[in-house]
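Q: return atomic coordinates for the entry below.
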Amino acid sequence: MRKTTKSLVAITCAAVAFAAAGCGTTSENTGQAQPQDPTKNCQGPDGKYTIGMSQANLAEPYRVRMDDDIRKAAQKVPQFEDVQFSDAAKDNSKQVTDVENFITKQVDLLMISPNEAAPLTDVVRKAYNQGIPVVVLDRKVDGDAYTTYIGADNVAIGKQAGEFFKNTLLPQGGKIVQIKGLSGSTPAAEREEGFQQGIAGSKIEIVATADGEWERSVGQQKMDALLKAHPDIQAVYSQNDPMAEGAWLAAQAANRPDLKFVGIDGLPIPSGGIKAVEEGRLQATNLYPTGGAEAVEAAKKLLVDCQQVPKTQTLGTELITKDNAAQVYDRLNQG
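A: Okay, the predicted model is just below:
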């Protein structure tokens with residue numbers, strides 16, 4: 001009897017699997033990226049288009065600036081009548097829902113800066129496999145189910161920061177702490193990897209690492225604890241400027257004006273990292289462009305010009321210190 005029952009179960013399961021395979025022929029169910037014509041929604045200059053932009057959160061000034069850059073660039077493209085923005089507020093489930101809503105609305109193109117890679121991969125693949133061109137910004141998803149990825153090289157940026165520590169900030173070595181971004185986001189891992197490459201061969205020791213979730217307030221809290229556990233540190237490597245500023249506030253409260261701080265982003269705004277370098281709170285920051293204007297340009301090529309775009313578009317970076325901060329700030333705000 002037991003053997004017969006097992007056989008029936010096996011037959012039933014096989015039948016269900018076969019039916020699922022037969023019914024699930026739509027490409028989004030395959031778990032793989034399907035070949036797409038990314039220009040299929042192109043109607044030329046006479047078309048009118050709806051774009052959905054799914055943002056990971058708006059707690060970070062960098063992401064507010066990214067959305068602003070997209071709005072500003074889209075206003076210059078008359079065919080982009082409707083650009084809709086959503087804020088996932090650091091919630092992966094909400095961002096999945098946000099993207100599902102854009103799919104339901106049948107947007108002509110999806111832009112997304114994922115909160116974390118793995119949880120957003122399936123829904124981005126679903127959009128892509130349904131024929132929606134997908135522009136991924138800043139943070140990546142797993143696999144290749146997207147039309148183009150636009151972002152700076154986070155490994156190179158981390159290495160650039162590490163080399164500044166090794167060659168300029170702590171040439172004799174020393175103890176430092178690292179404040180990372182959200183652990184499940186790709187820039188956090190890549191900026192750590194690059195930094196390790198940059199300090200290789202030096203006597204710099206990372207005595208502790210904390211997850212600051214990309215936010216100033218969290219960075220301040222984590223730095224307060226780090227200072228208590230490691231009072232002999234000399235510097236802080238922060239994976240973005242807001243966390244660096246939070247760490248600086250914690251150091252001031254702990255009467256540690258001797259500590260040195262390096263961040264990443266270099267936003268050209270009054271509250272951004274470039275001004276923090278100019279004013280002496282940070283010793284350096286590393287430019288990390290938002291890619292907003294480039295995302296709109298990619299959308300224009302795909303939807304208006306009927307042109308292909310590269311699979312990866314790597315944005316440039318530069319080290320910003322007190323020597324060049326004012327010039328970089330002015331240059332980035334031109335136009």
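
Q: can you list the domains in the chain?
A: As given by automatic domain parsing, the domain ranges for the chain are 35-152+291-315, 154-265.

Q: need those domains in TSV (columns: mean neighbour count).
A: The way it works is simple: take the backbone N, C-alpha and C, and place the C-beta from them, glycine included. Formatted as TSV, the domains of the chain follow (neighbours: other CB atoms under 10 Å):
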stretch	mean neighbour count
domain 35-152+291-315	19
domain 154-265	20
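
Q: tell me which of those domains sits nearest to residue 283.
A: domain 154-265 (4.8 Å; CB to CB).

Q: quick one: end-to-end distance for that closest one.
A: Counting by CA to CA, to the nearest Å, you get 11 Å between the two ends of domain 154-265.

Q: quick one: residues contacting residue 58.
A: When contacts are counted by CB atoms under 8 Å, 6 or more residues apart in numbering, residue 58 touches 64, 67, 87, 89.

Q: follow-up on the earlier one: which stretch among the domains of the chain comes nearest residue 326?
A: It is, among the domains of the chain and with distance given as CB to CB, domain 154-265, at 16.6 Å.

Q: what about the closest one, distance to the chain center?
A: 18 Å (CA atoms, centre = their mean, to the nearest Å).

Q: then stretch 312-323?
A: 15 Å.

Q: give me the contact list for that stretch.
A: Stretch 312-323 has contacts (CB under 8 Å, 6+ apart) with 148-153, 156-157, 160-161, 164, 266, 273-274, 277-278, 280, 283-289, 291, 294, 298, 328.

Q: mark which of those residues are part of strands, please.
A: 148-152, 284-287 (DSSP state E).

Q: which two in the residues you listed are spaced the farthest apart?
A: Within the ones in strands among the contacts of stretch 312-323, 148 and 284 form the most distant pair, 30.3 Å apart (CB to CB).

Q: and residue 68, how far is that from residue 55?
A: 11 Å (CB to CB, to the nearest Å).

Q: got the ones in strands among the contacts of stretch 312-323 as JSON lines, with distance to residue 216 and pLDDT columns?
A: Output for these, formatted as JSON lines (distance: CB to CB, whole Å; pLDDT from 0 to 100):
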{"residue": "148", "distance to residue 216": "31", "pLDDT": "97"}
{"residue": "149", "distance to residue 216": "27", "pLDDT": "97"}
{"residue": "150", "distance to residue 216": "25", "pLDDT": "98"}
{"residue": "151", "distance to residue 216": "22", "pLDDT": "95"}
{"residue": "152", "distance to residue 216": "21", "pLDDT": "95"}
{"residue": "284", "distance to residue 216": "18", "pLDDT": "98"}
{"residue": "285", "distance to residue 216": "14", "pLDDT": "98"}
{"residue": "286", "distance to residue 216": "17", "pLDDT": "98"}
{"residue": "287", "distance to residue 216": "19", "pLDDT": "97"}
